[in-house]
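Chemist: predicted structure and sequence below. I'll ask about it afterward.
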Amino acid sequence: MAEDQGGYDRRSAGGERPAIRRNDFYGPYNSWERTKGWLASIQQQLGARTAASFGYRRHSDLFVLLEGLPAIYQNNHVTTSYEGALRRADELGRNTTLAYGLEESGDSIHSFNFSRLAPANFAATRSVSMRATRARATRI
């Protein structure tokens, strides 16, 4: 995490690549599967009250029903997803905060045995937070 005048920023990334023997997992078959995945994300503070973030993930999966005989049945698919957001919070009074922002996300899957799907979502959000303040005790 790196300090900034306006707060902080955050970056992360990761990946995995296990190859797995699936003997008898999906039935009485000597099957094999390899998955790969990685992700990356970033969050950046933009001043004291605004933050932006973005994340992306990719995953692939190769499945072979009978190891050594991929012509019998195999499936290879790739999924991707992303999400981005821009959020801000403004104080309207001593005990009231208005939070608002924009968000977008999307997913897709491409499979050799199935069609390609790619839905996306967009949202504008807002929220008002009001908190009670304690009355000060007066001493006589």
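Modeler: Structure received.
Chemist: any buried residues in the top strand by length along the chain, and which?
Modeler: Taking DSSP state E as the criterion, the chain has its longest strand at strand 74-93. Of all the residues in strand 74-93, those buried under the rule 16 or more other C-beta atoms under 10 Å are 74, 77-79, 82-85, 87. Quick note: C-beta positions are derived from backbone N, CA and C, even for glycine.
Chemist: do stretch 90-106 as well
Modeler: Within stretch 90-106, judged by 16+ other C-beta under 10 Å, the buried ones are residue 101.
Chemist: how about stretch 38-56?
Modeler: Going by neighbour count (16+ other C-beta under 10 Å), the buried part of stretch 38-56 is 41, 43-45, 50-53, 55.
Chemist: tell me which of those residues fall in strands.
Modeler: 41, 43-45, 50-53, 55.
Chemist: now those residues in TSV, with pLDDT and distance to residue 104?
Modeler: Shown next, in TSV, are those (pLDDT from 0 to 100; distance: C-beta to C-beta, whole Å):
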residue	pLDDT	distance to residue 104
41	93	15
43	93	15
44	93	16
45	93	20
50	94	17
51	94	15
52	95	12
53	95	11
55	94	11
